[in-house]
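*Asks:* Structure for the following, please:
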Amino acid sequence: MKKALDELKKSILEDGVIDAHEVAKLREILYADGVIDRDEAELLFDLNDATAGKSNALEWEEFFVASLVKHLLEDPDSPGEIDAAETAWLKKRISADGQVDTLEKALLAALKAKAKNFPAELASML
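*Replies:* All right, here's what the predicted structure looks like:
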């Protein structure tokens, strides 16, 4: 699966835009096991950072937000909550490119609405 993801990432980054077909392919690969793991979450952020501000398919925003909400809130360690390790990781990933883009703001808003807790460190990024 790692090879398939690497190839898909390369394909997406070739034109720098995420289209509906690529979102469908991402969904097929990432949801094959029903879990969005940390490597897959990292991939989503890498793709977002590389394509932010481009004419990406509308499906991309929905997929990006839903997948990362699933990763953070449906984990076995802290279901429904954003724990300290997740907060640190999320803050680092959102800050990685020096901006909080539209999709990252949508992700933070979705997490704020769904999580049992919403750390002040993340609220300050909204």
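*Asks:* So what touches stretch 5-14?
*Replies:* Under the criterion CB atoms under 8 Å, 6 or more residues apart in numbering, residues 18, 22, 25, 26, 29, 30, 40, 43, 46, 47, 50, 51 lie in contact with stretch 5-14. Where C-beta positions appear, they are placed from N, C-alpha and C, glycine not excepted.
*Asks:* So what's the residue count around the third one?
*Replies:* Using other CB atoms under 10 Å as the criterion, residue 25 is surrounded by 17 other residues.
*Asks:* got a pLDDT number for it?
*Replies:* For residue 25, the model assigns a pLDDT of 93.
*Asks:* C-terminal to the lengthiest helix in the chain, what's the next element?
*Replies:* For the chain, the helix with the greatest residue count under DSSP state H is helix 58-73. Following helix 58-73 in sequence order, the next helix or strand is helix 84-95 (DSSP states H and E).
*Asks:* circling back: can you list the buried residues in the longest helix of the chain?
*Replies:* For helix 58-73, the neighbour count (16 or more other CB atoms under 10 Å) marks 59-61, 63-65, 67-73 as buried.
*Asks:* That helix versus helix 84-95: what angle between them?
*Replies:* If you take axes from the mean of the first three to the mean of the last three CA atoms, to 10 degrees, helix 58-73 sits at 150 degrees to helix 84-95.
*Asks:* Was I right to think residue 67 contacts residue 43?
*Replies:* No - the pair residue 67 / residue 43 is not scored as a contact, 9.7 Å apart, by CB atoms under 8 Å.
*Asks:* Now for the two: what residues contact both?
*Replies:* Residues touching both residue 67 and residue 43 (CB under 8 Å, 6+ apart): there are none.
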